[in-house]
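Asks: Next comes the sequence, and after it the predicted model I'd like to discuss.
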Amino acid sequence: MSPYIRFDNCDEKFIQLIKVKNKKSKYSELIKDIDNDKIKDTIFISEEETRIICKLSSCNFKEIKSKKLDFLNENSGIIDTKNGFEFYNNWMRAGYKNQFRYNPKLKKYNL
């Protein structure tokens, strides 16, 4: 008898669902009114594209994408701040944090 668990009879879709469910962090998406028009906007991290993507109501929810992130891991996320949001990317003892604020005149985010 083998001490390892075998998944011969398991459904592949179920295993893929578990992988996707475990991969998404609770800090990978933020829903908040960023552009001060009283309609909630969405900011999230796209793990496939390794970018921060914003969908603003003032821009008809068109995707505004950041430049590609060189390094993105499970310890990355987005948190709410008073005037915008903060993106953090931690790796062991190294890492960085970036705070973004919406500029209503330019209709863009400023770092």
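Replies: Now that the structure is in, tell me what you want to look at. Residues are numbered from 1 along each chain as shown.
Asks: Tally up the residues packed near Glu47, please.
Replies: Neighbourhood size, Glu47 [other Cβ atoms under 10 Å]: 16. Where you see a C-beta, it was placed from the backbone N, CA and C, and this is true even at glycine.
Asks: Please disregard the earlier target; I meant Gly77.
Replies: Neighbours of Gly77 (other Cβ under 10 Å): 17.
Asks: likewise the one 10 residues further on?
Replies: Residue neighbour count, defined by other Cβ under 10 Å, stands at 21 for Phe87.
Asks: Which residues in the host helix or strand of it does the neighbour count mark as buried?
Replies: Phe87 is part of strand 84-91, with elements assigned from DSSP states H and E. Within strand 84-91, the residues that count as buried by 16 or more other Cβ atoms under 10 Å are 84-85, 87, 89.
Asks: Would you format those residues as TSV with distance to Phe71 and pLDDT included?
Replies: Shown next, in TSV, are these (distance: Cβ to Cβ, whole Å; pLDDT from 0 to 100):
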residue	distance to Phe71	pLDDT
Gly84	22	89
Phe85	19	92
Phe87	13	92
Asn89	7	88
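Asks: Export the residues you listed as CSV, with columns for distance to Ile39.
Replies: What follows is the buried residues of strand 84-91, written out as CSV (distance: Cβ to Cβ, whole Å):
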residue, distance to Ile39
Gly84, 16
Phe85, 16
Phe87, 22
Asn89, 29
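Asks: circling back to that earlier point, what helices and strands are in contact with the strand holding Phe87?
Replies: Contacting strand 84-91 under the criterion 3 or more Cβ pairs under 8 Å, 6 or more residues apart in numbering; DSSP states H and E are the following elements: strand 76-80, strand 94-103.
Asks: how does it look with 10 Å?
Replies: Where contact means 3 or more Cβ pairs under 10 Å, 6 or more residues apart in numbering; DSSP states H and E, strand 84-91 is packed against strand 29-32, strand 41-46, strand 51-55, strand 76-80, strand 94-103, strand 108-110.
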